[in-house]
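Student: here is the input, now give the coordinates:
(one chain, ligands or ions: 1)
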Amino acid sequence: MPVENDSSVAQVRHLLRELLVGREDPGGFFCLCLSILGSRETRAGFRELIAPLTDKHRQLHSQLITIYQEYFSREEDDELRLAPQDEDDELQLALALSLVHTSCQNSPRQPVPRSYAQLASAMPVKGQPQGVDTQKSMGTHKPAGRVGERSPNGLKEPGATRPAATANEGRTDSSLANDSDSQEKLDSNDQSEKSRKSRRRRQRKQQQQLLKSPSSPRPILLWFRRDLRLLDNPALIGCLELGAPVIPVFLWNAQEEEGPGVTVATGGACKYWLHQALVCLNEALERIGSHLVTVKAEPSSSEALQRLVEETGAGAVVATALYEPWLKERDEGVFNTLKQHRLSCHLYHSYCLQDPYTVTTQGVGLRGIGSVSHFTSCCQQNPTGPSGAPQDAPRTLPVPSAWPAGCPLEQLGLARMPRRKDGTMVDWAVNIRRDWDFTEEGAHARLEAFLQDGVRRYEKESARADAPNTSCLSPYLHWGQLSVRWLLWDARGARCRSPKFQRKLAWRDLAYWQLTLFPDLPWESLRPPYKALRWSSERAHLHAWQRGRTGYPLVDAAMRQLWQTGWMNNYMRHVVASFLIAYLHLPWQEGYRWFQDTLVDADVAIDAMMWQNGGMSGLDHWNFVMHPVDAAMTCDPNGTYVKRWCPELAPLPDELIHKPWKCPASILRRAGVVLGQNYPERVVTDLEELRTQSLRDVAEVRRRFSEYVDQHSGCDLIPLPDRLVEEALGSTGEVLRSGSRFLLPVITRMEFKHQSVEPDAAEGRVNPYNAVLKGYVSRKRDETVAFLNERDFMASVVHEGTQRLERAERNQRLLEGLPAPPSATRGRPRRTPTMPQR
Ligand SMILES: Cc1cc2nc3c(=O)[nH]c(=O)nc-3n(C[C@H](O)[C@H](O)[C@H](O)COP(=O)(O)OP(=O)(O)OC[C@H]3O[C@@H](n4cnc5c(N)ncnc54)[C@H](O)[C@@H]3O)c2cc1C
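Tutor: Purely as a prediction, here's the structure:
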C-alpha cells in the first residue's frame, strides 16, 4: 500500500482492529484513514486496506466501500483537482467529516438518565467522547468564532480564539503537526489580497458544491438563545431528527433584546453569566464533537442569519421559542424572511412549562386573574405544555464540512470590566465566580443537592436567609441551562416532594403569561390610578438602598448580597422591595431596573411581575408589607445573615443586631460600632408615619380616579387586553373596533379597600387589615401577649366575681347588724397569672 510511512500504516491497522471489535464505526474509521493517510493515499490504498474484511465481514466491507465511493465520487474528484494541494486536503477532510456525521446522527439515543449521577456517567467525559469518536478524528477543533477557553479565574483569555475558520480544523493532533508548514503557507498567503480573493472564490465553490451534493445535506443552523444546554433540549433533538450537519450559533444584538421600553433586559450580572454560560456550552459541544459559533448580529439578527445561511449553505434554522413580545415579533420577522429564501424554520417550546401564548382563560373566567391559583386552573383546563419525559443529550453532533467565521466571544462585550485610572481592571464579578458554577452540570448538581436536602425544609422555611433552603436554580432556568420540564420531572419524582416548590414553577409561567398579555409590564403600571402615585425623588435614598447603606441591617445585608453575588432569596427580595416602596416611597421601576442590572437571574417577565405587584400596580396585590426589623424574626432570627454581609455589626449582641440604633452607647462602643461612621445611620426613622403616608397616597389616587374602582366590591379596575376580551366574549372584533373599553376588577389589598370605606383608617394602626407582616418570632410574641391577656381577663373576671360575692355578703351582714367578715384578699395586690415556663 503506497502510504507515507510505517507508523501511519500501523495506526491505520490498529484502527481497523478497533473497527472489528466495535470500538470504532465505519464512518469514523474512514474519516480517520483520511486524516492519517491523506486523501491520495486513502484513495489509492483503501480498498487494499480493507480487503481482509471480504471473507468474514462482508457487510462491513460493503459499508466501507459505499462510504469510500460516495466520498470519492467523480464529481467531487473533478472539483478537488482544481484546488491546490494543501486546501485539497482540508476540503476532503471536511467532506469526510460531514459524511461521518450524517451517518452517525441516526445512532440510537440512550435511555433517559434519571439522576445526575446517571447523567454524568452517560455524558462523554471531557476529551473522551463516546459513540463515534469525532473528537479524536477532529483533533482540537478551534476555528475563529468559536468560544474560547476559560482562564483559571473563569474569564476567557483574550486571544484564546484562533483566526480563520477553515476545514483543516478537523484533524488529529499528529496531522496538525505535520501540516504546520502548510498552515504557515496559508497564513502568509493570506497577506496578499489576490490570494484572499481566490480563496473566497474557492470557498464559494465549495459551498455550491455542498449544496449540490446529494451526499451532504444542507446544514442546519441551531440558533441557541436562552436554551444553553444539551440535556432535554427539544430544538437540539429536532436538529438531529432533520438528519443534517448542525451548526450551533449564538447571535448577539443587545438592542433587539432590549425591546421598545426600558427593560434593562440584560444587565451587567446577567450578561456576565451569559458569557460564562456560552463558554460552558461551547465546551459541552466540543465534548460531542462540535462547537459554538458566536456572531455579533449587526445590524440585526435577521441579516446576520442570512449571512450565515449564505456562508454555510444552511437549509434550515431551528430555535427554542422566546416569549417576550418584542422578541417574538423579531423572530416572526426573521423566520418570514428566511422562509422567503426557501429555508425551513422550526421553533420548539421548552422555555416554560406552558406556551404562554396559548394559555387561555376559557372555562375558568377572569375572576382571580393574577393569582397563581387562577393561572393553574387555566392551565389545567387548557393544557398546552410540553408532554412526555425529558430527553437525553445527544452523544455526538453531526458537524458541517465548513464552519462559518463568526467572531470571538469577547467581541460580544458581555463580560466587560471597567478599568481604573491606573489601568488595572475592576473585577466586580469575583464573588459571582466564587459562588456559582456556570455549567450545565453545575445546574444539575444544585438540583440534586436541593432534592436531597433543602427541599425538606422548603415548605416551612424557604424564607430563611441564613440557610440555603431554596434551590438557587433561577439563573440556570433563566438561561435555559436547566430545562424546566426536567426540573419538574425530578421534583415530582423526588423522595421528598414539595407542592410549594412545584407551585413556584407555575409562578414562573404566570409571569410570562402576564408579559404576553401586557407587553408594557416592565415599565408601565397596570392599574391606571397608580401611575399618578406621588413618589419620592430622593436620589440619596435610592443610592443608599442600592449600596446596602440604609442603616437597616436586614435590608443592607440583602442588598450587599445582591451586589456581590448577583442573588438573594425570594423572602429577602420581598423585604427590600417593601422597604423601597412602602417606606422610602421610591417608584417600583427603580427597584426593577436595579434588580435587572444586578441579578444573575434577572428575568424581564418575573422581575416586572413581582415589582408591579410589590409596587401595588400589578395584577395581584401583595397583601403584606415587610417590616425591615420584624421580618428578621422570620428570616434571620439569630442575626447570622446580617453578620455575614454587614460584618461591621457582627460584635453586637444577637437581640440588638437588627436594630443597632437601640443599642446602649456602651455596647456600641465595646463592639466598635460608630453609627454614621462605620455603619450608616438610618436613612428614614419614623416607619409608622411613612407607612401611613403611603396609605394616604394610595387612598388619594383611588379617590381621584374613582372610575377605576369598582364601587360594589371596592376592587381596583384595570382595562382588559384585547386577547382576554376575545376569550371572555368570543369574537369581539366589532366591540373592540368601536372603541369600547372593558374594565376588570382585580385582586386588591384589603387594607386599601377598608381605607376607602373608612378614610380615617389611614392610620395604619386602626386599620384592621394593616398589611405590615409580623415576623415569625414577633407573631409568636403576639400570641404570647394574647394568651396573657386572655388569662388576665379570666383572672380578673373571677376576681370581680369574688369581690361581688364578698360585697354582697358584707352588705347582708350589715343589714343583719352583724360584724364585717374578715377579708382574706383585702389589701393584697392582684396577682396576674403568668405563662407556664417552657
Ligand atoms: C421583587 C422581586 C423580583 C424578582 N425578580 C426575579 C427575577 O428577576 N428573576 C427570577 O428568576 N426570579 C425573580 N423573583 C422571584 C424569586 O425571588 C426568585 O425566582 C427566587 O428567589 C430564585 O431563587 P431559587 O431558584 O432558589 O427559588 P426557588 O424558591 O427554589 O424556586 C424555584 C424556581 O421557581 C421560580 N420562582 C420562584 N419564585 C418565583 C416567583 N415569585 N415568581 C416567578 N418564578 C418564581 C424561579 O425560576 C426559581 O428558580 C423576584 C421576586 C421578587 C420579590
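
Student: correct me, but residue 414 touches residue 268?
Tutor: No: the pair residue 414 and residue 268 fails to qualify as a contact (Cβ atoms under 8 Å) at a distance of 9.6 Å. Placement of C-beta: from N, CA and C, glycine included.

Student: so which residues make contact with stretch 496-515?
Tutor: Here stretch 496-515 makes contact (Cβ atoms under 8 Å, 6 or more residues apart in numbering) with 323-325, 351-354, 356, 359, 370, 372, 375-376, 379, 451, 455-456, 458-459, 462, 471, 477, 484, 487-488, 491-492, 521-522, 603-606, 608-610, 618-619.

Student: can you say which of the residues you listed are buried?
Tutor: Taking 16 or more other Cβ atoms under 10 Å as the criterion, what is buried in the contacts of stretch 496-515 is 323-325, 351-354, 356, 359, 370, 372, 375-376, 379, 451, 455-456, 458, 462, 471, 477, 484, 487-488, 491, 521-522, 603-606, 608-610, 618-619.

Student: now, these that are in strands?
Tutor: Using DSSP state E, no member of these falls in strands.

Student: so which of these are also by the ligand?
Tutor: Within the set of the buried ones among the contacts of stretch 496-515, contact with the ligand (Cβ under 6 Å from any ligand atom) is found for 462, 471, 477, 603, 606, 610.

Student: now compare those residues and name the two farthest from each other.
Tutor: Pairwise distances across those (Cβ to Cβ) peak at 18.7 Å, for the pair 462 and 603.

Student: can you give me the domain boundaries for the chain?
Tutor: What the record gives for the chain is the domain set 1-104, 141-156+199-350+386-420, 518-774, 791-838, from automatic domain parsing.

Student: picking that back up, so which of the contacts of stretch 496-515 are in helices?
Tutor: With DSSP state H as the criterion, helices contain 325, 372, 375-376, 379, 455-456, 458-459, 477, 484, 487-488, 491-492, 604-606, 608-610 from among these.

Student: return the backbone torsion pair for residue 318.
Tutor: Reported as degrees, to the nearest 10, the phi and psi values for residue 318 are phi -130, psi 140.

Student: what of residue 709?
Tutor: When quoted as degrees, to the nearest 10, the phi and psi of residue 709 stand at phi -120, psi 120.

Student: how many neighbours does the closest residue to it other than its chain neighbours have?
Tutor: For residue 709, ignoring the flanking residues on the chain, the nearest one in space by Cβ to Cβ, 6 or more residues apart in numbering is residue 702 at 5.3 Å. Look at residue 702: counted by other Cβ atoms under 10 Å, it has 21 neighbours.

Student: against residue 61, how distant is residue 42?
Tutor: 16 Å (Cβ to Cβ, to the nearest Å).

Student: more crowded one of these two?
Tutor: Regarding residue 42 and residue 61, a neighbour count based on other Cβ under 10 Å identifies residue 42 as having more, with 24 against 18.

Student: who's in contact with that one?
Tutor: When contacts are counted by Cβ under 8 Å, 6+ apart, residue 42 touches 30, 33-34.

Student: buried residues in stretch 679-687, which are they?
Tutor: Buried positions in stretch 679-687, judged by neighbour count with 16+ other Cβ under 10 Å: 679-680, 682-684, 687.

Student: let me fix that, I meant to ask about stretch 308-324.
Tutor: For stretch 308-324, burial by neighbour count (16+ other Cβ under 10 Å) applies to 308-309, 311-324.

Student: so of those residues, which ones are in helices?
Tutor: With helices defined by DSSP H, the entries of those inside them are 308-309, 311-312.

Student: which of those residues lies closest to residue 257?
Tutor: Where these are concerned, and distances follow Cβ to Cβ, residue 257 has its nearest neighbour in residue 308, at 18.7 Å.

Student: phi, psi for the closest residue to the closest one other than its chain neighbours please.
Tutor: In space, residue 308 comes closest to residue 404 once its chain neighbours are excluded; the distance is 5.3 Å by Cβ to Cβ, 6+ apart. When read as degrees, to the nearest 10, the backbone of residue 404 gives phi -70, psi 160.

Student: now swap in residue 248 and tell me
Tutor: Note on residue 248: backbone dihedrals following degrees, to the nearest 10 are phi -80, psi 130.

Student: tell me the spacing between it and the ligand.
Tutor: Here the criterion is Cβ to the nearest ligand atom, to the nearest Å. By it, residue 248 lies 25 Å from the ligand.

Student: now do residue 229
Tutor: From residue 229 over to the ligand the distance is 15 Å, taken as Cβ to the nearest ligand atom.

Student: residue 62 now?
Tutor: As judged by Cβ to the nearest ligand atom, residue 62 and the ligand stand 53 Å apart.

Student: can you report how many residues neighbour the nearest residue to residue 367 once chain neighbours are set aside?
Tutor: If the residues on either side of it in the chain are set aside, residue 367 comes closest to residue 374, at 7.3 Å by Cβ to Cβ, 6+ apart. For residue 374, the count of nearby residues is 20 (other Cβ under 10 Å).

Student: again, but for residue 409
Tutor: For residue 409, the number of neighbouring residues by other Cβ under 10 Å comes to 24.

Student: got the phi and psi for it?
Tutor: Summarising the backbone geometry of residue 409 under the convention degrees, to the nearest 10, its torsions are phi -60, psi -40.

Student: got the contact list for residue 584?
Tutor: 536, 538, 541-542, 545, 683-684, 690.

Student: in the stretch 701-838 of the chain, what residue is nearest the ligand?
Tutor: Evaluated by Cβ to the nearest ligand atom, the stretch 701-838 of the chain has residue 773 as its residue closest to the ligand, separated by 13.3 Å.

Student: name the nearest residue to that residue, ignoring sequence neighbours.
Tutor: Of all residues apart from its sequence neighbours, residue 624 sits closest to residue 773 (Cβ to Cβ, 6+ apart), at 4.0 Å.

Student: and the one you found, how far from residue 575?
Tutor: Residue 624 sits at a distance of 11 Å from residue 575 (criterion: Cβ to Cβ).

Student: get me the contact residues on the stretch 1-150 of the chain for the ligand.
Tutor: Checking the stretch 1-150 of the chain against the ligand by Cβ under 6 Å from any ligand atom, there are no hits.

Student: cool, the chain as well?
Tutor: Residues of the chain found near the ligand, taking Cβ under 6 Å from any ligand atom as the criterion, are 462, 470-474, 477-478, 504-505, 507-508, 511, 569-570, 573-574, 577, 595, 599, 601-603, 606-607, 610-611, 614.

Student: relative to residue 363, which of the domains of the chain is closest?
Tutor: Proximity to residue 363 (Cβ to Cβ) singles out domain 518-774 among the domains of the chain, at 9.9 Å.

Student: so for this structure, the centremost residue is which one?
Tutor: By Cα atoms, centre = their mean, the mean C-alpha position of the chain lies nearest to residue 478, the distance being 1.3 Å.

Student: what about that residue, distance to residue 282?
Tutor: If you go by Cβ to Cβ, the gap between residue 478 and residue 282 works out to 19 Å.

Student: cool, and residue 649?
Tutor: Residue 649 sits 43 Å away from residue 282, taking Cβ to Cβ as the criterion.

Student: taking the contacts of residue 584 together, which two end up most distant?
Tutor: For the contacts of residue 584, the maximum inter-member distance is 15.2 Å, found between 542 and 690 (Cβ to Cβ).
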